[in-house]
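[1] Provided below are the primary sequence and the corresponding predicted coordinates.
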Amino acid sequence: MSAPIEKEKFIEIRKLRKKLRQIDHLESLDRDLTKEETQKVIKKLDIRSKLLEYLSQISEGNELLEDASTSNLSVESSFSDITANDNSAINKSEIDLEPPITAEVNGEGDTEAICDEQSLPEVASKATMETTPDQTQTPPVPVKRRKQEQTLKQQETEQKNVPVTSQKKLKAGKSEDQKRIEELQQWRNISFDVRTLEGHEDSVCTVACDGQIAISGGKDTAVKVWNCATCAEIRNLGGHSGTVTAIVLLDEQHSTIIGREYNLNDTDRIVVSGSLDCSLRLWSIDTGSTLKSIYTFNPVTTIGYIGGAGLIVSGSDGGKLELWDPVSGETVHSVLAFEDRVTCIHVVEDSIHCSCSDGTIKIYTVRDRTLCTMYESENVQSVTRGSLILRNILSLQVSRDKIFFGDNGVNIKVLEWRAGVIHKLSQHCFEFGSTTALSALSDLMLAAGYDLDSGLGYINVRSLPSENYLATLNDGSTEKMTCMAATRCQQGLRIITGGNQVKVWTQVKGRQRTNAGVVHTTYNLRYTQNAESSASESELDTDNELSDSEQENDNTKHRKLDTFQEVETDKGWMSWCTVL
């Protein structure tokens, strides 16, 4: 096939992908589509079929294609190759006691980490030979012995000059390397039992879970309670008249505190839901009854619960943040936080981390039942010299002093708000992508990705606080995930995902490949690479991909950085925030 023909097909592929992205955007709108828009959505399957046909005709490795072909990486990659581009690359000289891992491409096109104990001596010798300048004059010797011979004189002359703190850092570094190896080995042997929760009549917009309980709500206006172990519907909580946009499942302690005000049993759990019908509702799981209905005067787009203050916080489509008393139903305080829709709220103790559809992020703290501004994301800089693009923020999670958020770009963004800088984590192998859902536990960050070509979703798992990529979950049938929640249960990790399907992903012991419904983890080398080397985010949204009628709720702003200045982590954060 000649280069001009392949180039023409590449151009056509890009056009088809843009059409699919337009359709994807239209399907996310919470309103009735026009006749013209409906006709576009109807063509989705035909467009995707044509796109896949073009892709099958293009040979793998074509340099013109900046798409999924880059994810079909070499099956011969060793453990050192897997971690070569990791931000915390493992010292190869320290893995002589651990079996290396090779990458195996499975049927779904992902690269899976596989342990090969037989190749251990070869890899160990190779690592030794590469680090020994005099390799042609002496025969191979054990790694540890060679290391001792090479460093003996240096240790004798320099040991006294090495500060104690430096020695501690070296030991800590080795410990981190070993931890990285153990994490990869652990996730290689993890499988998940995936089951579908049947009952919603429309797409699901929000989920929550805790142990055996899962809650879901969506466009059908229903709030449903599920038993994760049996996948049975426990309750159907009806009362909202508009899309349910947000759900919070109060923990046992706060459910008991508030429940006593409503004469509930101490074992009952309370659910708070927010809807576009301009209301908040408190529910009892045991009885299925509405405890309180609060009229908010504005459509509710997201909510959170501040345990220390005992207050509900809600965000509206007009940019307002409001505090509500869950017992009296009265508004306690409100501020106009943004100029546009509040998209996400994440509460950490008495701090409220929130985002807007215009791409900005703010942190508020609650003092004396009043919202006080703590941080505003103005003058935020990239850790590289590239451009920052302000997009509609779709998902947000917080871990320590870092705010992880996803938008319509191909990477996850990580805002170190005290320093006022952002770095990126690779999330997609394609030129178009969006991170619509994030969920964090103390040691894990889960991010929902979306393959625009196939229309299927997947979950990338990263460790915290290192941010190292660990594994990918993909059952080959789950469509785009618009919401996600994670919890720990007796079996291990449990994940609830929502969208056009609601699914429960429960960790099972071992790597049960043959059992129906059981999915094993895969390892894709692409997600260990520097996010800046992926398809350019700074150019994708400048092509006017969406028509005027489709620009609704797709606020994208571009911020070019002509100069870059380093910001000291311990000094810079005060310059980016306002404390009241």
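    Great, that's in hand. Numbers count the residues shown, from 1 in each chain.
[2] what sits opposite residue 364 in the beta ladder?
    On the basis of DSSP bridges, residue 364 is bridged to residue 352, residue 373.
[3] list the contacts of it.
    321, 335, 337, 351, 352, 354, 371, 372, 373, 374 (CB atoms under 8 Å, 6 or more residues apart in numbering). In short, each C-beta sits where N, CA and C put it, glycine included.
[4] how near is the third one to residue 502?
    Think residue 337. Relative to residue 502, residue 337 is positioned 31 Å away (CB to CB, to the nearest Å).
[5] what does residue 223 give?
    Taking CB to CB, one finds residue 223 at 12 Å from residue 502.
[6] just the buried ones among the contacts of residue 364, please.
    Neighbour-count burial (16 or more other CB atoms under 10 Å) is assigned, among those, to 321, 335, 337, 352, 354, 371, 372, 374.
[7] nearest to residue 212, of those residues?
    Of all the buried ones among the contacts of residue 364, residue 352 has the smallest distance to residue 212: 28.8 Å, by CB to CB.
[8] contact partners for the closest one?
    Counting by CB under 8 Å, 6+ apart, residue 352 has contacts 304, 306, 313, 321, 345, 346, 363, 364, 365, 366, 371.
[9] touching, the third one and residue 345? I think so.
    Yes - in this structure, residue 313 sits in contact with residue 345. The criterion is CB atoms under 8 Å, and the distance is 6.2 Å.
[10] between these two, what contacts are shared?
    303, 304, 352.
[11] so what sits opposite the second one in the bridge?
    To tie it back to what came earlier, the one meant is residue 304. According to DSSP bridges, beta-bridge pairing links residue 304 with residue 313.
[12] does it really touch residue 248, like I thought?
    Yes - using CB under 8 Å, residue 304 is in contact with residue 248, at 6.4 Å.
[13] common neighbours of the two, please.
    Counting by CB under 8 Å, 6+ apart, the contacts common to residue 304 and residue 248 are residue 312.
[14] for residue 509, give its distance to residue 474.
    With CB to CB as the criterion, residue 509 and residue 474 are 20 Å apart.
[15] name the spans of the stretch 351-500 of the chain whose pLDDT lies under the cut-off.
    By pLDDT under 70, the weakly predicted segments of the stretch 351-500 of the chain are 385-387.
[16] hmm, back to that, which one's more surrounded, residue 509 and residue 474?
    residue 474 (22 against 10; other CB atoms under 10 Å).
[17] contact partners for the residue lying closest to the more buried one once chain neighbours are set aside?
    Once flanking residues are discounted, residue 474 sits nearest to residue 458: 4.0 Å by CB to CB, 6 or more residues apart in numbering. For residue 458, the contact set (CB under 8 Å, 6+ apart) comprises 448, 449, 450, 451, 472, 473, 474, 478.
[18] could I get the helix or strand harbouring residue 458 in CSV with only the CA atoms?
    Here residue 458, judged by DSSP states H and E, is contained in strand 456-463. Taking Å, rounded to 0.1, in the frame of the first residue of the first chain, the C-alpha atoms of strand 456-463 are listed here in CSV:
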residue,chain,number,x,y,z
LEU,A,456,-15.3,0.0,25.4
GLY,A,457,-14.0,1.2,28.8
TYR,A,458,-11.3,0.0,31.1
ILE,A,459,-9.8,0.8,34.5
ASN,A,460,-6.1,1.7,35.1
VAL,A,461,-4.7,1.0,38.6
ARG,A,462,-1.9,3.1,40.1
SER,A,463,-0.2,2.9,43.5
